[in-house]
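>>> Just the structure for this:
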Amino acid sequence: MPSQDWIEANRAKWKHRGQERPPFALAPQPGQESVWDYPRPPRLAPDPREVVVRLGSVEIARSSRTIRLLETASPPTFYIPPDDVTMNAIERAAGGSLCEWKGQAAYWTVTVPGQRFERVAWSYPEPFPGFEAIRDYFVFYPDQLECFVDGIRVLPQPGRFYGGWVTPELVGPFKGEPGSEMW
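I've put the predicted structure just below:
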């Protein structure tokens, strides 16, 4: 468990927190959302749209019960309940990472006949207070897997570390693009 000092120091470093859209942010058109209007700390929002994750012809997950995590500057991530994930296609991977908002992440490897993709999903087994709703839910990186929202294939958020799902209703720029390191 990280120290409270570490958590507070990392939470305090963010300049943009969704209260005011910065001048370089694109203005959303009707039916669009600006990632610069999302809050920090992140907000959890149930999403009834159908989410599908595939690897070729193998379906890894399908759900209409996801929770979308909305965080300033990043495309949303879709947290999928474990009951809607093909659990025999995933296995725990080594290592983890720490989010100052959500806690310690566990990583997962997807294995299907003839293919293995290391650390292409993550979850929070013991999320920090306020994020208990995503306990043990899974998020998949759309840069290596085929991820869809209501039949539309999502694009990956720029930057390998980030796992946001870029859908047509979003405008940025997005964290992870060149020059975004100090956002």
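>>> Tell me, please, the helix or strand in this protein that averages the lowest pLDDT.
Here the helix or strand of the chain ranked lowest by mean pLDDT, DSSP states H and E is helix 4-12, holding a mean of 79.
>>> Identify the residues contacting that one?
Pro41, Glu100, Trp101, Phe128 (Cβ atoms under 8 Å, 6 or more residues apart in numbering). C-beta coordinates here come from the backbone N, C-alpha and C atoms, glycine included.
>>> Of those residues, which is the nearest to Gly18?
Pro41 (9.5 Å; Cβ to Cβ).
>>> shouldn't the closest one be in contact with Lys102?
No - judged on Cβ atoms under 8 Å, Pro41 makes no contact with Lys102 at a distance of 9.1 Å.
>>> just checking, Pro39 touches Gly18?
Yes - Pro39 lies in contact with Gly18 (Cβ under 8 Å); the separation is 4.0 Å.
>>> Buried ones in stretch 8-25, by neighbour count?
Buried positions in stretch 8-25, judged by neighbour count with 16 or more other Cβ atoms under 10 Å: Trp14, His16, Gly18, Arg21, Ala25.
>>> got these as JSON lines, with secondary structure and distance to Gly176 columns?
Compiled in JSON lines, the buried residues of stretch 8-25 are given as follows (DSSP: H, G, I helix; E, B strand; the rest coil; distance: Cβ to Cβ, whole Å):
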{"residue": "Trp14", "secondary structure": "coil", "distance to Gly176": "15"}
{"residue": "His16", "secondary structure": "coil", "distance to Gly176": "14"}
{"residue": "Gly18", "secondary structure": "coil", "distance to Gly176": "17"}
{"residue": "Arg21", "secondary structure": "coil", "distance to Gly176": "18"}
{"residue": "Ala25", "secondary structure": "coil", "distance to Gly176": "15"}
